[in-house]
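J.: I would like the atomic coordinates for the input below:
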Amino acid sequence: MMRRVALSILALAVLFGGASAEAPPPIAPGVPVSVTLQPVAIYDKDGKLAGSPEAPTSTIQTPFVRSGTGDPIIFSGITTTAKQFAIAKPADATSYRFVNPCNVDVRIRKVSSLSESVTLTTGTRFLARSSETLGTSQPTFVSIIATAAPTGECAPELQYGRGG
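T.: I've put the predicted structure just below:
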């Protein structure tokens, strides 16, 4: 009989023991707390609520559509010595896709003349064998440099377009 009572008490303790556990803290330990930053609501162009901390927005990207003739600008012969190129941006272009097929990272920078050049610490770095789509400005000249000596042909491509 005593054994049954003891087992019953043990079973109740196991069953309801989790219910009396301490509640987790509202903010994880070590997370900074700020009284100056407050949640911000995000509104769309029509003034309707588009997102808030409680209901975040989802990102909708438009596909990349090529501008101009559709052919890319190919920058051949890229090495660890900066090389400058004259380029023309189509009037309807709002973005560009940069494809780096090289086995090394490269840097590209808009420059004001063919005598100005990018360095290993300026411009935008594009990782080896990668592509990225970015917004564009009105470049007339660009300068490109490889961050290390390529072991083969290094000819990044720039394609103007919209979206992406």
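
J.: export only the CA atoms of stretch 128-147, formatted as PDB.
T.: Extracted C-alpha coordinates of stretch 128-147, given in PDB (Å, rounded to 0.1, in the frame of the first residue of the first chain):
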ATOM      1  CA  ALA A 128      35.500  35.100 -57.000                       C
ATOM      2  CA  ARG A 129      33.100  33.100 -59.100                       C
ATOM      3  CA  SER A 130      30.000  35.100 -58.000                       C
ATOM      4  CA  SER A 131      27.500  37.500 -59.400                       C
ATOM      5  CA  GLU A 132      25.600  40.400 -57.800                       C
ATOM      6  CA  THR A 133      23.000  42.900 -58.900                       C
ATOM      7  CA  LEU A 134      23.300  46.500 -57.600                       C
ATOM      8  CA  GLY A 135      21.800  49.900 -58.300                       C
ATOM      9  CA  THR A 136      23.700  52.100 -60.600                       C
ATOM     10  CA  SER A 137      24.800  55.700 -61.000                       C
ATOM     11  CA  GLN A 138      26.000  57.500 -64.200                       C
ATOM     12  CA  PRO A 139      29.600  56.100 -64.700                       C
ATOM     13  CA  THR A 140      31.600  57.100 -67.700                       C
ATOM     14  CA  PHE A 141      34.700  55.300 -66.700                       C
ATOM     15  CA  VAL A 142      35.400  52.300 -64.400                       C
ATOM     16  CA  SER A 143      38.600  50.900 -63.000                       C
ATOM     17  CA  ILE A 144      39.000  47.200 -62.100                       C
ATOM     18  CA  ILE A 145      41.700  45.300 -60.300                       C
ATOM     19  CA  ALA A 146      42.200  41.700 -59.200                       C
ATOM     20  CA  THR A 147      42.900  41.300 -55.500                       C
END
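
J.: what is the burial count for Ala88?
T.: 11 (other Cβ atoms under 10 Å). In this view, the C-beta of every residue, glycine as well, is placed from N, C-alpha and C.

J.: distance check, it against Gly135.
T.: Look at Ala88 and Gly135: by Cβ to Cβ, to the nearest Å, they are 18 Å apart.

J.: now this structure, which segments are flagged as low pLDDT?
T.: Across the chain, the ranges flagged by pLDDT under 70 are 1, 6, 10-61.

J.: spit out the contact partners of Pro101.
T.: With contact set as Cβ atoms under 8 Å, 6 or more residues apart in numbering, Pro101 has these partners: 129, 154-157.
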